[in-house]
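Novice: A predicted structure for the sequence below; I have some questions about it.
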Amino acid sequence: MYRDISVKLVNVSKSIGTRVLFTGINLALNAGQCLIITGPNGSGKSTLLKIIAGLNQPTTGAIQIISNNKQFDAEERRACLGLISPEIILYADLTGRENILFFARLRKIRCNEQQIEGYCQQVGLAIDMDQLVRTYSTGMRQRLKFALMLATQPLLWLLDEPSSNLDADGKRLIAQMIRKGLEQNAAIIIATNEPWEAEHADYKIELA
Ligand SMILES: Nc1ncnc2c1ncn2[C@@H]1O[C@H](COP(=O)(O)OP(=O)(O)OP(=O)(O)O)[C@@H](O)[C@H]1O
């Protein structure tokens, strides 16, 4: 079960060279709430997610991640979040099961066989989990990224275009997972232009 968490964006802005991507973003997102970030290609959605993840620095402002009244340091922030992004690279020469075990071990999380099978079942990969990832389609790889995320049980989900490459069944699974994550008190931030994903939103940031 997830502990309590809140994410605060305090006067966050980002410029790249002379181009201002966004300025003055202030928001507090609590456990069990969902923020949707929308905007056209190149507007800065992925950049804002990376700033929240601590992978990119804001030009001004700060991100505060607070749990049980304590502000996380950089290492705690990394440990509490699950990031789904096109930039996450899976190990093609490992099976789906081995990828899950590897990423869980990086986080010092133990997964038993039953749990791994459960995660694979949730994302619809159960019969493929012992195949090498190099044989997976792009949609199967996207499903595996969700299984990796479930295995690390993050407090904060950062989802960059989570339903890209997924068929209708895959999109339904993701919607179910997001609903369940919110029920279990994860804070979820989604960069997307899919109207159905926006249905989960408690807050919305529209980048231009
Ligand atoms: N490291 C970088 N160096 C230079 N420019 C960058 C860098 N990262 C992002 N940009 C630029 O910042 C802008 C925003 O990029 P970003 O990927 O955040 O947009 P996005 O809204 O996620 O786009 P998309 O919908 O196409 O994924 C783009 O113009 C991009 O070229």
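Specialist: Received the coordinates, thanks.

Novice: please make it C-alpha for all contacts and neighbour counts, starting now.
Specialist: Noted.

Novice: spell out which residues of this structure are next to the ligand.
Specialist: Residues of the chain lying near the ligand by Cα under 6 Å from any ligand atom: 40-47.

Novice: do that again at 5 Å, thanks
Specialist: Residues of the chain lying close to the ligand by Cα under 5 Å from any ligand atom are 41-47.

Novice: mind putting these into JSON lines with neighbour count?
Specialist: Output for these, formatted as JSON lines (neighbours: other Cα atoms under 10 Å):
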{"residue": "Asn41", "neighbour count": "11"}
{"residue": "Gly42", "neighbour count": "11"}
{"residue": "Ser43", "neighbour count": "16"}
{"residue": "Gly44", "neighbour count": "21"}
{"residue": "Lys45", "neighbour count": "26"}
{"residue": "Ser46", "neighbour count": "21"}
{"residue": "Thr47", "neighbour count": "19"}
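
Novice: TSV for the residues you listed, including pLDDT?
Specialist: What follows is these, written out as TSV (pLDDT from 0 to 100):
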residue	pLDDT
Asn41	94
Gly42	94
Ser43	95
Gly44	97
Lys45	97
Ser46	97
Thr47	97
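
Novice: closest one to Phe102 out of those residues, please.
Specialist: Nearest to Phe102 out of those is Ser46 (Cα to Cα; 25.3 Å).

Novice: what's downstream of the lowest-mean-pLDDT helix or strand in the chain, the next helix or strand?
Specialist: Lowest on mean pLDDT, DSSP states H and E among the helices and strands of the chain sits helix 195-198, with a mean of 80. Next helix or strand after helix 195-198 toward the C-terminus (DSSP states H and E): strand 203-206.

Novice: residues contacting that next one, please?
Specialist: 34-39 (Cα atoms under 8 Å, 6 or more residues apart in numbering).

Novice: closest to the ligand among those?
Specialist: The ligand lies nearest to Gly39 out of the contacts of strand 203-206, by Cα to the nearest ligand atom, at 6.0 Å.

Novice: tally of neighbours for the residue nearest to the closest one when sequence neighbours are not counted?
Specialist: Computed as Cα to Cα, 6 or more residues apart in numbering, the closest residue to Gly39 that is not its neighbour in sequence is Leu207, at 4.7 Å. Using other Cα atoms under 10 Å, the number of residues around Leu207 comes to 17.

Novice: please apply the same query to Pro162.
Specialist: For Pro162, using other Cα under 10 Å, the count is 24.

Novice: next up, the contacts around the closest residue to it other than its chain neighbours.
Specialist: With sequence-adjacent residues excluded and distances taken as Cα to Cα, 6+ apart, Pro162 is closest to Ile84, at 6.7 Å. Applying Cα under 8 Å, 6+ apart to Ile84 gives the contacts 145-146, 149, 157-160, 162.

Novice: from the residues you listed, which two are the most distant?
Specialist: Checked with Cα to Cα, those reach their widest spread between Met149 and Asp160, with 12.9 Å between them.
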